[in-house]
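[1] coords below, sequence missing:
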Ligand code: NAD
Ligand code: AKB
């Protein structure tokens, strides 16, 4: 049996913190090496090994993979949609080169498995708005979406040509209380909980009726681990799987919060992120993931809101 040694790149980010902690629980603290360009997140401190690493430095990455006897890589470093529109060149460069560096090293070192997330941002205004299917018209309008779409085909290419077992999910907007989001269009759905508790008021940068696909972090972490644990024979999609649990608008999440904080009020000041949100589907059909490896979500808006508020109050 292979003794897994896992490298998480971008471990101090919104997903990285929770995924690293979950992987450490499964594989043992010392077998999961967290790495990031920025300093180690407070929640990771003392829970396992941490190395400071720039994924763009391929040589340094290669040295770490060999030195740490890495067998699996989770690549989470990226620039997200809203920040990407402010600096398109940087977003393209980081999002593409980080993936190519990891895929090349995985091929050379016979890394057993690679995980790389895509996003609902691959879809564009010409994709179906409701129940957007796995295979459909894909014409993204953000540099982030373009980089994710190109990345999906690089994953497929390395799998077909070099047999690198790389797996991927198109995450919706992710909502979490442990670590802050990193510059996406869906970040409002995290900010709103903090502001509701602290200020009893939130001014949203999207219009009240903007529906977007969303997911609570525990579901996203479980989906990631279930995909990575699934037998290779069950994985029919080598670009990236659609993944879904709920869709809601700012007005609906506001109403869900009001059930717990009756004095909570909202205002709306849409900015440049509105056009990004408008280009994405409102809901996603993830039946292929459900059929292939048994994906099932657990959290809806109501259950997530209760859990978010309880945990943030602590
Ligand atoms: P994040 O911005 O919170 O975290 C990314 C981490 O990568 C940061 O800690 C950052 O310091 C690190 N990083 C940046 N450049 C680096 C470099 N050169 N070398 C090493 N580390 C570097 O992002 P996240 O929300 O955790 O997203 C992780 C992945 O999931 C990304 O690929 C993102 O596109 C994808 N995704 C996220 C969401 C979401 O809602 N959070 C939704 C869809 C897809
Ligand atoms: C973003 O808003 O950029 C991310 C995503 C959906 O990929 N949360």
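    Perfect, I can see it now. Bear in mind the structure is a predicted one, so any value in this text is a computation, not a measurement. Ligands and ions are numbered 1, 2, ... in the order given.
[2] going forward, measure contacts between C-alpha atoms and count neighbours the same way
    Will do.
[3] quick one: name the residues of the stretch 151-300 of the chain near ligand 1.
    If contacts are counted using C-alpha under 6 Å from any ligand atom, the residues of the stretch 151-300 of the chain sitting beside ligand 1 are 171, 172, 173, 174, 181, 182.
[4] let's see that with 8 Å instead.
    Neighbours of ligand 1 within the stretch 151-300 of the chain, by C-alpha under 8 Å from any ligand atom: 170-175, 179-184, 186-187, 214.
[5] so which of these are also by ligand 2?
    The subset of those within reach of ligand 2, by C-alpha under 8 Å from any ligand atom, is 170, 171, 172, 173, 174, 181, 183, 184, 186, 187, 214.
[6] can you map out the strands along this structure?
    Taking DSSP state E as the criterion, the chain carries its strands at 6-9, 32-36, 50-52, 72-75, 113-115, 118-119, 166-167, 169-171, 173-175, 201-204, 212-216, 241-242, 246-248, 265-268.
[7] now render those as a markdown table, adding mean pLDDT and mean neighbour count.
    A markdown table is the format used below for the strands of the chain (pLDDT from 0 to 100; neighbours: other C-alpha atoms under 10 Å):
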| stretch | mean pLDDT | mean neighbour count |
| --- | --- | --- |
| strand 6-9 | 98 | 26 |
| strand 32-36 | 98 | 26 |
| strand 50-52 | 97 | 17 |
| strand 72-75 | 98 | 23 |
| strand 113-115 | 98 | 20 |
| strand 118-119 | 98 | 24 |
| strand 166-167 | 98 | 26 |
| strand 169-171 | 99 | 23 |
| strand 173-175 | 98 | 25 |
| strand 201-204 | 98 | 18 |
| strand 212-216 | 98 | 24 |
| strand 241-242 | 98 | 26 |
| strand 246-248 | 98 | 20 |
| strand 265-268 | 98 | 15 |
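[8] how is the chain divided into domains?
    Here the domain parsing of the chain from automatic domain parsing is 6-172+217-242, 174-214+245-313.
[9] could you point out the longest helix of this protein?
    Ordering each helix of the chain by length in residues (DSSP state H) puts helix 88-109 first.
[10] ok, residues contacting it?
    55-56, 58, 62, 66, 73, 75, 77-80, 83-84, 111-112, 114, 116, 143-144, 147-148, 150-151, 154-155, 158, 162, 164 (C-alpha atoms under 8 Å, 6 or more residues apart in numbering).
[11] filter these down to the buried ones, ChimeraX style.
    Buried residues among those (16 or more other C-alpha atoms under 10 Å), as a ChimeraX selection:
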select :55,56,58,62,73,75,77,78,79,80,83,84,111,112,114,116,143,144,147,148,150,151,154,155,158,164
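[12] so which of the contacts of helix 88-109 reach ligand 2?
    Checking the contacts of helix 88-109 against ligand 2 by C-alpha under 8 Å from any ligand atom, the ones in range are 80, 144.
[13] now the closest residue to residue 170 other than its chain neighbours: how far from residue 289?
    Closest residue to residue 170 in three dimensions, ignoring its sequence neighbours and counting by C-alpha to C-alpha, 6 or more residues apart in numbering: residue 119, at 3.9 Å. Separation of residue 119 from residue 289 (C-alpha to C-alpha, to the nearest Å) stands at 14 Å.
[14] with residue 31 instead?
    Applying C-alpha to C-alpha, one obtains 28 Å for the distance of residue 31 from residue 289.
[15] I'd assumed residue 44 was in contact with residue 24.
    No. Contact between residue 24 and residue 44 fails when scored by C-alpha atoms under 8 Å: they sit 10.2 Å apart.
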